[in-house]
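Engineer: need coordinates for the following:
(one chain, ligands or ions: 1)
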Amino acid sequence: MSYPEMRLRRLRRTEGLRRMVRQIRLSTDNLIHPIFVQEGIEEPVPISSMPGVYRLPLEGVEGDAEEAVELGIPAVILFGIPAHKDEKGSSAYDDDNGIVQSTVRAVKARLGEKIVVITDLCLCEYTSHGHCGVLKDGAVINDETLKLLGQTAVSQAKAGADIVAPSGMMDGQVYAIRQALDDNGYPDTIIMAYSAKSASAFYSPFREAAESTPQVGDRRSYQMDYSNPDEAMREIELDIEEGADMIMVKPALAYLDLISRAKSLFGYPTAAYNVSGEYSLVKAAAEKGWIDEKKIVLETLTAIRRAGADMILTYHAKDAARWLREGK
Ligand code: PBG
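Structural biologist: Predicted coordinates:
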């Protein structure tokens, strides 16, 4: 049957009908709230390129995470900014005094299983040169970096992280981390792999937030060329073979094709990172009154779900949770 007997507009006539046939739903269950925690500050520090986002002192994180729980958000991801940076990023794997380790302990002591704590697992915020691994003659050395990533994973797991999220794009990092966790008595710690992470201009506000801009060069020798969708699938496939429990595509909005393909090829729990630049674009246009922020954000997050993401890391997580509660 086709027009004039068949009319698709019939099912769009009232809100009740539209609700009945709505296929993709965005829920607070899908959201992950990112938190930046900085060592040695007393008050929240606003990030100028990300209005509404702050670097928090350790003492501020528990309250922020608790608010996420109250809004129905199941998980937070922590990014640490240490007071001390060196060539080998040693503050990343400092069991007793590491900023992320201390924060995980504090959040878990307060909220326990009410919140899933994810830790970003990378060296770039901890190295003096800002690269995601150990440098030798200006190049990031893969295999030496793996040892430090394994050590960092164990240290984060020991502090109580539920999920570690390696984001450095080193070859073999998921395998090295799985081995290190298992060898040290953490077989239940989950790995969410930033598998298909492209070298992207959309990360620049994050680098202001995390103080992680490379001092020399850029990240194109380890992050992916965004022109290569087949390679993105190989990255994901290898991470799955190496033991990833969850995979990620990053950034999200300009990469919906990769999310869609990854979900249909692998059927794995799939995360998408709605990154800092995506957030800043929306904020800037909203501040000018050029767009309706709430509508744009709900449409964007639903589109990322429609592409196939189960989980979305987004700086709009709390706002979106409030808007979802209010209804569209
Ligand atoms: C690396 C890391 C980055 C982001 C998350 N983890 C930055 C980078 O690769 O430079 C970017 C997140 C964002 O832009 O929101 N630790």
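Engineer: show me what from the stretch 1-150 of the chain comes close to the ligand.
Structural biologist: Contact residues, the stretch 1-150 of the chain versus the ligand (CB under 6 Å from any ligand atom): 120, 122, 124. C-betas here are computed from N, CA, C, even on glycine.
Engineer: show me what contacts the residue nearest to Tyr273 when sequence neighbours are not counted?
Structural biologist: With sequence-adjacent residues excluded and distances taken as CB to CB, 6 or more residues apart in numbering, Tyr273 is closest to Lys250, at 3.8 Å. With CB atoms under 8 Å, 6 or more residues apart in numbering as the criterion, the residues that contact Lys250 are 167, 194, 196-198, 200, 272-273, 275.
Engineer: where are the low-confidence patches of the protein?
Structural biologist: Confidence mapping of the chain against pLDDT under 70 gives the ranges 328.
Engineer: circling back to that earlier point, out of the contacts of Lys250, who's near the ligand?
Structural biologist: Among the contacts of Lys250, proximity to the ligand is found for 167, 275 (CB under 6 Å from any ligand atom).
Engineer: tell me the one among the contacts of Lys250 nearest to Ser48.
Structural biologist: Within the set of those, Val275 lies nearest Ser48; the separation is 17.0 Å, counting by CB to CB.
Engineer: the closest one against Ala201, yeah?
Structural biologist: No: taking contact to mean CB atoms under 8 Å, the distance of 10.1 Å between Val275 and Ala201 leaves them out of contact.
Engineer: enumerate every residue touching the residue lying closest to Asn274 once chain neighbours are set aside.
Structural biologist: Spatial nearest neighbour of Asn274, chain neighbours left out: Thr314 (4.0 Å); criterion: CB to CB, 6+ apart. Contacts were defined as CB under 8 Å, 6+ apart; by that measure Thr314 touches 31-32, 34, 274, 279, 301, 320.
Engineer: just want the residue of the stretch 1-150 of the chain that's nearest the ligand.
Structural biologist: Minimum separation of the stretch 1-150 of the chain from the ligand (CB to the nearest ligand atom) falls at Cys122, amounting to 3.4 Å.
Engineer: wait, that residue touches Met170, no?
Structural biologist: No: counting by CB under 8 Å, Cys122 sits too far from Met170 to count as a contact (9.4 Å).
Engineer: returning to that earlier point: list the beta-bridge partners for the residue nearest to Tyr273.
Structural biologist: Listed beta-bridge partners, Lys250: Lys197 (assigned using DSSP bridges).
Engineer: quick one: Arg322 and Leu71 touch, right?
Structural biologist: Yes: proximity of Arg322 to Leu71 meets the contact threshold set by CB under 8 Å, at 6.6 Å.
Engineer: okay, these two: which has more neighbours?
Structural biologist: Taking neighbours as other CB atoms under 10 Å, Arg322 and Leu71 compare with Leu71 leading, 18 against 13.
Engineer: the more buried one contacts Asp29, correct?
Structural biologist: No: Leu71 lies out of contact with Asp29 (CB under 8 Å); the separation is 11.4 Å.
Engineer: contact partners for Ser167?
Structural biologist: Contacts were defined as CB under 8 Å, 6+ apart; by that measure Ser167 touches 120-122, 132, 194, 197, 250.
Engineer: quick one: those residues as CSV, columns for secondary structure and distance to Ala180 too.
Structural biologist: Below are the contacts of Ser167 laid out as CSV (DSSP: H, G, I helix; E, B strand; the rest coil; distance: CB to CB, whole Å):
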residue, secondary structure, distance to Ala180
Asp120, strand, 17
Leu121, strand, 11
Cys122, coil, 15
Cys132, coil, 17
Tyr194, strand, 17
Lys197, strand, 21
Lys250, strand, 23
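Engineer: same drill for Val275 and Ala201, tell me which one is more crowded.
Structural biologist: Of the pair Val275 and Ala201, Val275 is the one with more neighbours under other CB under 10 Å, namely 25 against 9.
Engineer: quick revisit: could I get the phi/psi values of the residue nearest to Asn274?
Structural biologist: Main-chain torsions, Thr314, degrees, to the nearest 10: phi -150, psi 140.
Engineer: against the ligand, how distant is it?
Structural biologist: 9 Å (CB to the nearest ligand atom, to the nearest Å).
Engineer: coming back round to it: quick one: which of the residues of the stretch 1-150 of the chain next to the ligand is most hemmed in?
Structural biologist: Among these, Cys122 has more neighbours than the rest - 28 neighbours, counting by other CB under 10 Å.
Engineer: residues contacting that residue?
Structural biologist: When contacts are counted by CB under 8 Å, 6+ apart, Cys122 is found next to 92, 132, 166-168.
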